[in-house]
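>>> Sequence unavailable; structure follows:
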Ligand code: PEP
């Protein structure tokens with residue numbers, strides 16, 4: 001499958017930012033700026049702002065995602081929220097295995113795998129994050145790390161479930177640091193992810209898979225990154241909080257098909 005046959009996707013990860021009033025105002029600012037975008041647009045606010053985001057984005061081309069979910073349907077998991085609960089309120093996507101969850105909440109690839117099964121079962125599209133730390137990057141083990149994380153997360157999935165999986169390559173050393181992988185580095189690792197998926201699910205599933213780059217993407221560097229063959233979109237943190245920056249990435253991604 002040629003890249004131009006796939007719709008690009010830009011996902012905004014707001015992290016723990018934006019209360020309901022701020023969510024309302026940010027979505028209101030974004031609506032006119034992205035209304036002609038020729039790509040999928042997903043915004044992932046914190047849990048408490050999701051319903052506000054859904055109601056303010058209604059009738060627009062923006063979909064609302066979550067930043068995490070639990071792997072069980074329900075039960076004695078104090079403080080957690082299940083994929084089914086997210087689906088019930090109109091969430092379409094969920095980010096899984098973000099490096100901040102791996103770093104601060106000891107989330108392992110095996111847990112990401114369980115969350116992925118649950119998210120897919122609930123009918124969500126999952127954005128699975130993989131990426132190496134600075135130390136792993138310096139030790140030149142990126143390829144190995146990223147392909148292991150990919151394999152563990154996708155273990156045992158049926159091929160048809162891959163339609164609802166997106167993988168985001170996020171080098172940990174590039175997240176929120178202002179450092180970006182060069183477009184060639186990023187494309188090379190995204191190519192490794194695609195090859196890993198091809199080994200498991202075959203060529204047509206791997207070609208159809210959308211792979212995102214995330215890590216300090218902004219309006220200045222997005223052009224180089226998004227024009228690479230193996231990069232089908234972006235997962236954006238900091239710049240997704242600024243409507244002008246976020247919308248210029250979105251509008252570039254839509255044009256570049
Ligand atoms: C992220 O949080 O997924 C991310 C890529 O953040 P930033 O764009 O700020 O590096």
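Perfect, thanks for sending it. None of these values were measured; they are calculated from a predicted model.
>>> what's around the closest residue to residue 19 other than its chain neighbours, how many residues?
Distance criterion C-beta to C-beta, 6 or more residues apart in numbering; nearest residue to residue 19, sequence neighbours excluded, is residue 49 at 6.5 Å. Every C-beta, even on glycine, is put in place using the N, C-alpha and C of the backbone. Look at residue 49: counted by other C-beta atoms under 10 Å, it has 24 neighbours.
>>> Pick out the residue of the stretch 101-250 of the chain closest to the ligand.
The stretch 101-250 of the chain approaches the ligand most closely through residue 237 (2.1 Å), counting by C-beta to the nearest ligand atom.
>>> What residues does the stretch 101-250 of the chain have near the ligand?
Counting by C-beta under 6 Å from any ligand atom, the residues of the stretch 101-250 of the chain close to the ligand are 170, 175-176, 214-217, 235-239.
>>> what about the residue lying closest to residue 238 once chain neighbours are set aside, is that helix, strand or coil?
Once flanking residues are discounted, residue 238 sits nearest to residue 176: 6.2 Å by C-beta to C-beta, 6+ apart. Judged by DSSP: H, G, I helix; E, B strand; the rest coil, the three-state class of residue 176 is coil.
>>> for residue 176, what are its contacts?
With contact taken as C-beta atoms under 8 Å, 6 or more residues apart in numbering, residue 176 is in contact with 216, 237-238.
>>> Likewise for residue 254?
Taking C-beta under 8 Å, 6+ apart, we find residue 254 in contact with 8, 36-39.
>>> Check residue 118 too.
Contact analysis of residue 118 by C-beta under 8 Å, 6+ apart lists 69-73, 82-84.
>>> and the residue of the stretch 101-250 of the chain closest to the ligand, how many neighbours does it have?
By the criterion of other C-beta under 10 Å, residue 237 has 22 neighbours.
>>> With residue 183 instead?
Other residues lying near residue 183 total 18 when counted by other C-beta under 10 Å.
>>> and what of residue 206?
For residue 206, the count of nearby residues is 19 (other C-beta under 10 Å).
>>> Name the nearest residue to it, ignoring sequence neighbours.
In space, residue 206 comes closest to residue 198 once its chain neighbours are excluded; the distance is 3.7 Å by C-beta to C-beta, 6+ apart.
>>> Tell me which residue lies nearest the centroid of this protein.
A centroid search over the chain (C-alpha atoms, centre = their mean) returns residue 127, at 4.2 Å, as the residue closest to the centre.
>>> Tell me which helix or strand comes right after the helix or strand residue 191 falls within.
Following DSSP states H and E, one finds residue 191 within helix 183-201. Counting by DSSP H and E, the next helix or strand C-terminal to helix 183-201 is helix 203-208.
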